[in-house]
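Trainee: no sequence for this one, just the structure:
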């Protein structure tokens, strides 16, 4: 077992990248070796992100110059379609890879190509990749060379539905996931619709006709329930920096103690917190931390179960989960570097 | 027909009250006669609400001193349980009453008493009261002595579901209303959970076990569909000042052209805007204005219809709708005083 | 005198443009003739700005196609440097021009060229242009062919300092203007630093070394005081959509009743509200309205005067002031189309 | 030297209290012994603050029951006027005390009594108390029994002005501190003016006539400059949760290399970061962390120096500084428990 892991990050100028840096800066067993950026090569990381002044001493390297093959593990914090171009060469060199984008998340290549609008260049690696949701795939992650880190919505929605589907409690044909995301989920891109004056003090749905996270979620839920699911997924943009709140609806087809079901399912999970009966988790209660808090309700004792599931989209929904996967892959304590208390207020 | 209506407001220190003042200040056919407040009697309205400086020249009057019986109409912008104490005396004096609280909204007295936790003092007036949703009860409102102005969530949810239920398009037993409200919906009360540092940059559900607007909505939807409905209603708090976004889910049981259905239903409605196919209305697109904007979707052509319905909770969800009702009651043009262009950005 | 003015807008896709549309939609004496946009020609205005659905029925026209010469007046809501290219042709055709950008604000061409980094193409028009601050130049504006609409910071800062400088109350060599602006002041440009996730929940100064509004403010203050002023101007970005709060500091060199001084100076001004002694105006008290609210303080009776001056940067700081200028230029009541009550909360 | 310090907190339900808990939860040398609350005795801390679930296992204790005398150190996170009632008894029992309120900050008892509107019950302890600004009083803090933890504004303003005053660079008679605070600075009190719908999307000054932090700041600045200072201090409320941005103005009376002056002054300070020339620190760059970031400017090379100083009001402005003081008092590494990377975005 390594004591110290040499880490590279490809694409460090987005929110996922800077969040990885925030977390890795305090990880005792990580040595940050390189962080690449085509556009910002030469710029000191802390000049772009002053919050990292005094903590991260690296400058961005041009991807072509970065000696990523000497790393033990490389994170891809890149747009979709980049990791699939570069993963094989790294894997061949013995480097393990954690992709925070979507390149290796969906097993059905045709589905992936339809939703992501490009041809996949290495379907064989899709087959090898392990979907990095530790609450489902912990054992496989430990041995994985290539981990597909889950999307933010998929993490919140799957963790909320899993206990119900695994136990066959709800009708899998009529699942509804009404999800709300903070604006950082849209990335650090210069686009008009996520400007402050456009996105603050307003609320809207988007992608109701179809969002790329739908097939990812459906794949995970189908796996949990043992067959195809019918899922209506409606994402919304809400004026938070960070946070996803998934409100999940299912129709109960088998009676059980719902609270107990959730508590049992997640009893040994370090990063899933089942709240007491009647609770309403707030996104700020997980701000900055690698936690999914869940509450389960049955309004008026009717036939519907309502699950409330919150995460920080940049932590348990991205960079934190990636570090959790790194810990599993390298045999570290799963909580290492993730002992952050949420920032509240 | 009156040219000039003499108006009184009971309880003018909350958000509904100040919003009524904002609207009535510009209404050409309204003379503001009195505004009462037990706690702030003597204080000039514009000293409490500087946005009204130069527009509202009144001071708050003690309710006991206010000559409300000389008004043509009195608005109650009070907590629940106040209007029912005072309405009869005003009605007997020939004053028409518009209650912005919940005292007269629910026809079944037992249901009202259960959800509002008090005994109703004038059930006969409940029977007489007209539910002030013009898109449903326009004719009755014109002649009403007593109008029960709808709640904010109920307005957004009913306007979104009505076309589907009236036409029998969706299964009324499995309706889901996932609604998000800005914080002004909680009122102007000194409570910790709606402090800025508690409510900003966070998102949460509340009242999942049961919210007072549930029976009001159910009553309206039952009336539209011709029989009892099964509704799961989950309200959420989102960091906006104003705005409700209702995301409504139904299971289609009868095929129709959904877009056409909505456009036809609201073709003559001055304050309901059916957006083009594929649209996602934002709450800010109605900020400050008496409009409900609606879009209807059928994700992936499946069996679920998703309706997106947005209003400003203080306008079409409260004070604006009350002014719309006043216009109807006094034979004014329905848009009078409500020709406000939404403030965006 | 015209009853109905034919209006054109050049550059209608920014915040100043859409705000002009919001105001002009309700102006009884304005007919909107054309609105141009190079990039969005053909698109309906209300498709880009859904808040204008049902209010503005125009589509954007390509500037080359727009028949602007048939207008009575054309507003330029364009980036700096556009109006100076097109103003002469319009003026020659008898069209009056109101430029909301900075092309004609600074009389000293060399100063303008230094701060704006380009050569001015029509210095003679600078000489002719009237600086459109009605509280200073009302008479000249009435007859102007070409009005240079003031900047947002300059409006708030000048209105706050004017009474003191005109009366020689403060030392003009040591003026400090600490100004805070909402993010809409940065325009509707796809730039990273004004993304929601960058600009919300954070506060910063910018341009401390020198901001383009400095020479504009200095010019106005010098004119008021009769000689050159020494001004330190520090702008800040604060997470509001709209609003400027200028906190102004001067050293008293002549005793006077400060409150009376301000009340007298602005007694007849329809859009300047001198607040009572001890008041602290909030930006939201002018949200959406063409008002500057001012309070004057003398902390602990010392030698410093502190003036608090707030405006909505898009209204009194841009589009509203432009409409006020239009009213003056065409002999309309100065308040016409500007009788909007601020939106609060 | 103790390896493990037994800590008590009096008044743990406000923002300062919960912030202390967030920090102490991760402090390796601290054992949390008791946290008191008159109103919430018996309630589990994590039930009130779900962000602390799994991190803080204590319940609130009634102050009368809490065995505070067995602690090594007690923090007072109480309203002003409480610590002075209880400090002596604890000190007599050998417990060291860190007061996060204002009871022991001002040496001149008469001044304190005037600004805080109450009589001080233990002036002798004021005399003994050490003002807990480590950048000024590090040595004295180490030996102190009683530390007066500085206010939030005073921390930001003093750290910004100190280098200039200690070196006699600016005229001490004309200092201006224009300071902006996030809303958490007002505490977790149920008051109308800090409700979300009142405080968001708005900006205002307050206390221009006189704020309690003025004498505290003046005392510190006088001490640095060697004589009385003339300070105009204007605080503002800005819609952030956390953060203070102080913009400081001084008139230069002695030439020096300002950047060098600041860098030298704070070269060995672990928690003061002098930014590069020309920088504009943002409050979010210190969010959640015990850092003061400072930039110094001289606009247009004139006679004014402008210092920008940012802190997180709850950390370097309160709880973090208190932990820094604890570390000094007990001989721990000064950074212990404070190695938090700011949360950004």
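Mentor: Received it, and whenever you're ready, just let me know what you need. What you see is a predicted model; the values in this text were computed from it and never measured.
Trainee: how's chain A carved up into domains?
Mentor: With domains defined by automatic domain parsing, chain A comprises A:5-128, A:153-313.
Trainee: for chain B, find the nearest of the ones you listed.
Mentor: With CB to the nearest CB as the measure, domain A:153-313 is the member of these nearest chain B (3.7 Å). Backbone N, C-alpha and C define where each C-beta goes, glycine included.
Trainee: that closest one: how far from the chain's middle?
Mentor: Its chain's C-alpha centre and that of domain A:153-313 lie 12 Å apart, by CA atoms, centre = their mean, to the nearest Å.
Trainee: need the mean per-residue confidence for that domain.
Mentor: Mean pLDDT, computed over domain A:153-313, is 97.
Trainee: between the two ends of it, how far is it?
Mentor: Start and end residues of domain A:153-313 are separated by 8 Å (CA to CA, to the nearest Å).
Trainee: could you do stretch A:308-320 as well?
Mentor: End-to-end span of stretch A:308-320 (CA to CA): 20 Å.
Trainee: check the offset of it from the chain's centre.
Mentor: Relative to the mean C-alpha coordinate of its chain, stretch A:308-320 is positioned 6 Å out (CA atoms, centre = their mean).
Trainee: and for stretch A:105-113?
Mentor: Put simply, stretch A:105-113 sits 18 Å off its chain's centre (CA atoms, centre = their mean).
Trainee: is chain B within reach of it?
Mentor: No. With CB under 8 Å from any CB of the partner chain as the criterion, chain B is not reached by stretch A:105-113; the gap is at least 12.8 Å.
Trainee: now that stretch: buried residues?
Mentor: A:105, A:106, A:107, A:112 (16 or more other CB atoms under 10 Å in any protein chain shown).
Trainee: chain B contacts on the stretch 101-250 of chain A?
Mentor: Residues of the stretch 101-250 of chain A found near chain B (CB under 8 Å from any CB) are A:174, A:176, A:178, A:180, A:182, A:197-198, A:201-206, A:208-210, A:230, A:232-234, A:236, A:238-243, A:245, A:247, A:249.
Trainee: where does residue A:25 sit relative to residue D:293, distance-wise?
Mentor: Going from residue A:25 to residue D:293 by CB to CB, to the nearest Å gives 17 Å.
Trainee: over to residue A:287?
Mentor: Taking CB to CB, one finds residue A:287 at 21 Å from residue D:293.
Trainee: same check, this time on residue A:54
Mentor: From residue A:54 across to residue D:293, the span is 10 Å (CB to CB).
Trainee: what touches both of these two?
Mentor: Residues touching both residue A:54 and residue D:293 (CB atoms under 8 Å, 6 or more residues apart in numbering or on different chains): residue D:273.
Trainee: state the three-state secondary structure for residue A:189.
Mentor: Following DSSP: H, G, I helix; E, B strand; the rest coil, residue A:189 is assigned to coil.
Trainee: that one: neighbour count?
Mentor: Here the count is done by other CB atoms under 10 Å in any protein chain shown, and residue A:189 has 12 residues near it.
Trainee: sorry, back to before: more neighbours, residue A:54 and residue D:293?
Mentor: The residue with more neighbours, out of residue A:54 and residue D:293, is residue D:293; 27 against 16, by other CB under 10 Å.
Trainee: which parts of chain A sit against chain C?
Mentor: Residues of chain A lying near chain C (CB under 8 Å from any CB): A:15, A:182-184, A:188-192, A:194-201, A:239, A:241.
Trainee: using PyMOL, define a selection of the buried residues within those.
Mentor: Selection of buried members from the residues of chain A next to chain C for PyMOL, criterion 16+ other CB under 10 Å:
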select buried, chain A and resi 15+182+183+184+188+194+195+196+197+198+199+200+201+239+241
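Trainee: the helices in chain A, which residues?
Mentor: In chain A, the helices defined using DSSP state H lie at A:15-24, A:45-48, A:83-92, A:109-116, A:123-128, A:134-143, A:152-166, A:196-199, A:213-225, A:258-265, A:320-329.
Trainee: closest one to residue C:83 among the ones you listed?
Mentor: For residue C:83, the closest of those is helix A:196-199, at 23.3 Å, according to CB to CB.
Trainee: pull the residues that contact the closest one.
Mentor: So helix A:196-199 is in contact with A:183, A:192-193, A:237, A:239, B:345, C:15, C:182-184, C:188, C:194-196, C:198-200, C:239, C:241, going by CB under 8 Å, 6+ apart.
Trainee: for residue A:189, give me phi and psi.
Mentor: phi -110, psi 140 (degrees, to the nearest 10).
Trainee: is stretch A:59-67 anywhere near chain D?
Mentor: No. Using CB under 8 Å from any CB, stretch A:59-67 stays clear of chain D, with a minimum separation of 14.7 Å.
Trainee: residues making contact with that stretch?
Mentor: Contact with stretch A:59-67 is made by A:8, A:10, A:12-13, A:33-38, A:40-45, A:48, as judged by CB under 8 Å, 6+ apart.
Trainee: what is the neighbour count of residue A:65?
Mentor: Residues lying near residue A:65 (other CB under 10 Å) number 10.
Trainee: quick one: it from chain D, how far?
Mentor: To chain D, residue A:65 is 25 Å away according to CB to the nearest CB, to the nearest Å.
Trainee: what's the answer for residue A:132, then?
Mentor: Taken as CB to the nearest CB, the span from residue A:132 to chain D is 23 Å.
Trainee: could you pull out the strands for chain A?
Mentor: Counting by DSSP state E, one finds strands in chain A at the ranges A:5-10, A:30-36, A:73-76, A:96-99, A:130-131, A:146-148, A:175-181, A:204-205, A:231-237, A:244-251, A:272-274, A:292-297, A:304-311.
Trainee: who wins for proximity to residue B:309 among the ones you listed?
Mentor: Closest to residue B:309 of the strands of chain A, according to CB to CB: strand A:204-205, at 10.5 Å.
Trainee: and the closest one, what does it pack against?
Mentor: If contacts are counted by 3 or more CB pairs under 8 Å, 6 or more residues apart in numbering or on different chains; DSSP states H and E, strand A:204-205 sits against strand A:231-237, strand B:244-251.
Trainee: adjacent strands (with direction) for the longest one?
Mentor: Which is strand B:244-251. Using DSSP bridges, the strands paired with strand B:244-251 are strand B:175-181 (antiparallel), strand B:304-311 (antiparallel).
Trainee: is it correct that residue A:312 is in contact with residue A:286?
Mentor: Yes. With contact defined as CB atoms under 8 Å, residue A:312 reaches residue A:286; the gap is 5.0 Å.
Trainee: tell me the residues of chain A that contact chain D?
Mentor: Proximity of chain A to chain D is confined to A:15, A:18, A:22, A:25-26, A:49-55, A:184, A:188, A:200-201, A:241-242, A:273, A:275, A:279, A:281-282, A:284-289, A:293, A:339-345 under the rule CB under 8 Å from any CB.
Trainee: ok, 6 Å please
Mentor: Within chain A, the residues that sit near chain D (CB under 6 Å from any CB of the partner chain) are A:22, A:25, A:50-51, A:53, A:55, A:184, A:201, A:241, A:273, A:285, A:288, A:341-345.
Trainee: drop anything exposed from those.
Mentor: The buried subset of the residues of chain A next to chain D - by 16+ other CB under 10 Å - is A:22, A:25, A:50-51, A:53, A:55, A:184, A:201, A:241, A:273, A:285, A:288, A:341-345.
Trainee: relative to residue A:322, how far out is residue A:24?
Mentor: Plainly put, residue A:24 is 10 Å away from residue A:322 if you go by CB to CB.
Trainee: looking at those two now, which is surrounded by more residues?
Mentor: Higher neighbour count among residue A:24 and residue A:322: residue A:322, with 28 against 25, using other CB under 10 Å.
Trainee: touching, that one and residue A:151? I think so.
Mentor: No. Contact criterion CB atoms under 6 Å: residue A:322 and residue A:151 do not qualify, at 12.0 Å.
Trainee: burial measure for residue A:209, as a count.
Mentor: A count of neighbours around residue A:209, defined by other CB under 10 Å, yields 14.
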